[in-house]
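Colleague: from the sequence below, what's the structure:
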Amino acid sequence: MRSPRPFLLAAATAAAVILGGLAPTAAMAASETRAGASMAAQGAATPTPAATESFRLPLAAKTYTVSSYYGSRCIPVQGASTFHYGVDLAAKGGAPIYAIAPGVVTATVNGTSSRVGHISIRHTISGTTYTSIYMHIWSATTHVKVGQTVTAGQRISEVGSSGVSSGNHLHLELWRAGLTSATAENAATFLKARGVDVFASATTVTAKAAPATCTYYTTGDVNLRTGPSTSYSALRLLPRATTVVHVPGRIATGFIPVTVGGQSGWVSATLVSPTKPAPLPAAVPVTTYTATAALAFKATASASGTSLGVIPQGANVGSIQATSGSWAKVTHGGKTGWVQRSYLTNAPATPPATTPAPAPTT
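Modeller: Predicted coordinates for the structure are as follows:
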């Protein structure tokens with residue numbers, strides 16, 4: 001899957017388990033989080049364009065691949081979402097992005113490697129207010145600015161790969177505003193009903209339908225909890241690389257329901273990955289040294305250095321931190337200094353010889 005969706009809904013879905021969509025108030029908050037613009041009401045302060053029935057493709061026909069559908073999906077990479085609120089159109093970086101309908105720009109956010117860049121445009125269509133969101137762009141202000149009125153098919157930006165993304169693509173979302181909340185819609189379905197076929201205009205469609213279940217692996221030691229937050233008790237600790245099974249699309253407050261063997265619970269969605277993590281490297285034992293004789297302990301690697309005292313024979317000086325010629329840097333008695341390296345050994349200490357006890361007399 002080339003086009004993962006950033007996992008930006010954790011704070012917005014605090015009271016809703018998502019199964020095929022957001023609860024209205026959660027959708028509202030999520031849209032504001034992603035787009036940085038208010039969609040709270042039809043009469044918001046942002047100017048509302050005149051009603052329109054003119055629609056266009058967001059990318060030039062036959063220049064893109066449909067790489068991910070709207071709807072439930074397996075998390076494609078760690079940090080991505082299990083419900084995809086847009087349709088992904090993979091294209092060359094820098095390819096022009098066009099407004100799908102006339103409207104007013106309500107948000108422009110530049111992208112970084114960790115923050116998804118996007119532009120939001122507000123439309124009035126058949127008496128209803130919609131907001132289209134164009135995501136993963138790098139620079140949001142090269143062609144438009146907030147408050148600007150745009151026409152259908154007007155170039156607004158360029159395809160990029162900002163945020164959680166595995167390749168250049170446009171992630172297109174569409175939200176329908178209500179009196180107090182917003183609802184996500186399938187942008188491709190919406191446009192097709194209005195004479196613009198996103199799928200037929202693509203060069204190929206590589207998107208896959210979501211399976212019945214998805215398999216993930218824990219990326220560290222993860223608590224399996226009784227509910228979707230850290231306030232719920234832990235059922236058990238899942239070690240790193242534990243296999244968990246999830247029904248795609250279900251998430252609440254950043255947690256997903258999973259099964260482990262025959263046990264069900266919730267884990268943080270950010271702590272699982274579709275890729276099994278590689279085994280951790282074995283711990284390298286630390287070699288420690290002991291003094292084979294009483295050693296002059298110097299502040300510098302020199303016989304004329306300031307004396308830090310004498311390290312007694314048999315004392316453990318830990319590891320050698322550095323060397324300089326015949327000198328070794330060690331720590332003893334809370335002080336760090338230099339001793340002659342030839343008088344250090346990492347061989348196990350030889351227990352002192354003991355004199356056998358005399359045989360008992362009878």
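
Colleague: how many residues are close by residue 199?
Modeller: Using other CB atoms under 10 Å, residue 199 has 13 neighbouring residues. Heads up, the C-betas are built off the backbone N, CA and C, glycines and all.

Colleague: that one and residue 191: what is the separation?
Modeller: Computed with CB to CB, to the nearest Å, the distance linking residue 199 and residue 191 is 10 Å.

Colleague: go on, residue 295?
Modeller: Separation of residue 295 from residue 191 (CB to CB): 81 Å.

Colleague: equivalent analysis for residue 161, please.
Modeller: Taken as CB to CB, the span from residue 161 to residue 191 is 23 Å.

Colleague: ok, now which ones touch residue 169?
Modeller: Neighbour list for residue 169: 2, 3, 64, 67, 88, 89, 90, 91, 136, 159, 161 [criterion: CB atoms under 8 Å, 6 or more residues apart in numbering].

Colleague: can I get the residues you listed in TSV including pLDDT, distance to residue 246 and neighbour count?
Modeller: Listed next are the contacts of residue 169 as TSV, based on pLDDT from 0 to 100; distance: CB to CB, whole Å; neighbours: other CB atoms under 10 Å:
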residue	pLDDT	distance to residue 246	neighbour count
2	38	21	17
3	37	20	27
64	98	29	25
67	95	21	25
88	97	20	29
89	98	26	26
90	97	25	25
91	98	30	24
136	97	25	28
159	98	30	25
161	96	26	21
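
Colleague: pLDDT (mean, whole number) over stretch 219-233?
Modeller: Averaging pLDDT along stretch 219-233 yields 96.

Colleague: ends of it, how far apart?
Modeller: 20 Å (CA to CA, to the nearest Å).

Colleague: list of residues touching it?
Modeller: Stretch 219-233 is contacted by residues 17, 78, 234-240, 242, 252-255, 257-258, 260, 263, 265-268, 271-273, 277 when judged by CB under 8 Å, 6+ apart.

Colleague: apply 6 Å and report the result again.
Modeller: By CB atoms under 6 Å, 6 or more residues apart in numbering, the residues outside stretch 219-233 that reach it are 234-240, 252-253, 255, 265-267, 271, 273, 277.

Colleague: list just the nearest of these to residue 187.
Modeller: Of all the contacts of stretch 219-233, residue 187 sits closest to residue 252, with 24.6 Å by CB to CB.

Colleague: sketch out the low-pLDDT regions of the stretch 51-200 of the chain for me.
Modeller: Within the stretch 51-200 of the chain, the segments meeting pLDDT under 70 span 51-53.

Colleague: what are the ranges of the helices in it?
Modeller: 187-192 (DSSP state H, counting those that start in this stretch).

Colleague: circling back to that earlier point, which among the contacts of stretch 219-233 count as buried?
Modeller: Neighbour-count burial (16 or more other CB atoms under 10 Å) is assigned, among the contacts of stretch 219-233, to 238, 252, 253, 255, 265, 266, 267, 271, 273.

Colleague: residues touching residue 343, list them.
Modeller: 292, 293, 295.

Colleague: what subset of those is buried?
Modeller: residue 295.
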